[in-house]
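>>> Got a predicted structure plus its sequence, pasted below:
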Amino acid sequence: MYAYIKGVIADRNDQQIVIENNGIGYLINCPLGISAEIGGIGDNVTVYLYQSVKEDDISLYGFISRDQKEMFLKLITVSGIGPKVAHTICASLSAEQIAAAVMSGNVALLTSVKGLGRKSAEKIIVELKDKLKSQLGASSSATSAPVAVSDSSKGDSGVMQDAAGALIVLGYKDQEAADAVASAYEEGIGLEDLIRKALKIAAGKKFS
């Protein structure tokens, strides 16, 4: 299993890039929605990878960040969502947009992804929320994330709970999520922006 590759973008098209590393060119599935953010031909880049192994195919899927890859890994646990569909979703929406859509039940945002129907979007929301409830050991709502820390009294606890739940969906531990959200919160901030800010804080602490 590959974690990431560092190298030079040697070639690209609308759906793939080639990363050259030590004289070897790695063909990576990476649509423009992702590869355009990674860099241009000749750039030295880091691409996070997922290797898909099937009987008749071995493919690499590329991502710009750990959070984007983590969201992809969550999406492919949803029944009926394979790597190609999950990759398309990640190329169309940011990790924080997807997480916010899951926590707020925003079917319309998910169905804005080309080829993703309403039933599949609803399944993503239901199954990822169920996984969150299972992780938290909760018996009620999936938004019962552990944001009931001291700072939660300073603002909209509902938005903070949803944001913490989104970070947990992305693989962060309960307390990491709660602390990052509490640090990122400011009055009037929207869910997606709060998730984005909290992700930067959490990622900085996790990988510093």
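Everything's here; your move.
>>> quick one: secondary structure of the residue nearest to residue 127 when sequence neighbours are not counted?
Using Cβ to Cβ, 6 or more residues apart in numbering and skipping residues adjacent in sequence, the residue nearest residue 127 is residue 78, 4.7 Å away. C-beta coordinates here come from the backbone N, C-alpha and C atoms, glycine included. Assigned state for residue 78: coil (three-state reduction, DSSP: H, G, I helix; E, B strand; the rest coil).
>>> pull the longest strand from the protein.
Determined from DSSP state E, the single longest strand within the chain is strand 44-54.
>>> what angle do the next helix or strand after that strand and strand 44-54 make?
As assigned by DSSP states H and E, the chain's next helix or strand after strand 44-54 is strand 57-63. An angle of 140 degrees separates the directions of strand 57-63 and strand 44-54 when computed by axes from the mean of the first three to the mean of the last three Cα atoms, to 10 degrees.
>>> which strands and helices sit next to strand 57-63?
strand 24-29, helix 32-38, strand 44-54, helix 66-75, helix 83-92 (3 or more Cβ pairs under 8 Å, 6 or more residues apart in numbering; DSSP states H and E).
>>> How far off centre is that strand?
Between the mean C-alpha point of strand 57-63 and the mean C-alpha point of its chain there is a distance of 17 Å (Cα atoms, centre = their mean, to the nearest Å).
>>> avg pLDDT for it?
Confidence for strand 57-63, expressed as mean pLDDT, is 95.
>>> quick one: strands adjacent to the longest strand of the chain?
On the basis of DSSP bridges, the sheet neighbours of strand 44-54 come out as strand 4-12 (antiparallel), strand 57-63 (antiparallel).
>>> which of those strands sits most buried?
A comparison of the strands paired with strand 44-54 by mean neighbour count, using mean count of other Cβ atoms under 10 Å, puts strand 57-63 on top with a mean of 18.
>>> What would that one look like as CSV? C-alpha coordinates only.
Backbone C-alpha positions of strand 57-63 (Å, rounded to 0.1, in the frame of the first residue of the first chain) are rendered in CSV as follows:
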residue,chain,number,x,y,z
ASP,A,57,-6.8,-4.1,-12.5
ILE,A,58,-4.3,-2.3,-10.2
SER,A,59,-4.8,1.4,-10.1
LEU,A,60,-3.4,4.4,-8.2
TYR,A,61,-5.6,7.3,-7.1
GLY,A,62,-4.1,10.6,-6.2
PHE,A,63,-5.0,13.3,-3.7
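>>> So what touches it?
For strand 57-63, contacts defined as Cβ atoms under 8 Å, 6 or more residues apart in numbering pick out 2, 17, 26-30, 34-35, 38, 47-52, 69, 72, 83, 87, 90.
>>> Identify the residue nearest the spatially most central residue of the chain in space, chain neighbours excluded?
Note on the chain: the residue nearest the mean C-alpha position is residue 71, at 2.8 Å, using Cα atoms, centre = their mean. By the measure of Cβ to Cβ, 6+ apart, the closest residue to residue 71 outside its immediate chain neighbours is residue 95, 4.3 Å from it.
>>> Contacts only, for the one you found.
Counting by Cβ under 8 Å, 6+ apart, residue 95 touches 65, 67-68, 70-71, 170, 199.
>>> 10 Å instead?
Residue 95 makes contacts with 63-72, 74, 166, 169-170, 195-196, 199, as judged by Cβ atoms under 10 Å, 6 or more residues apart in numbering.
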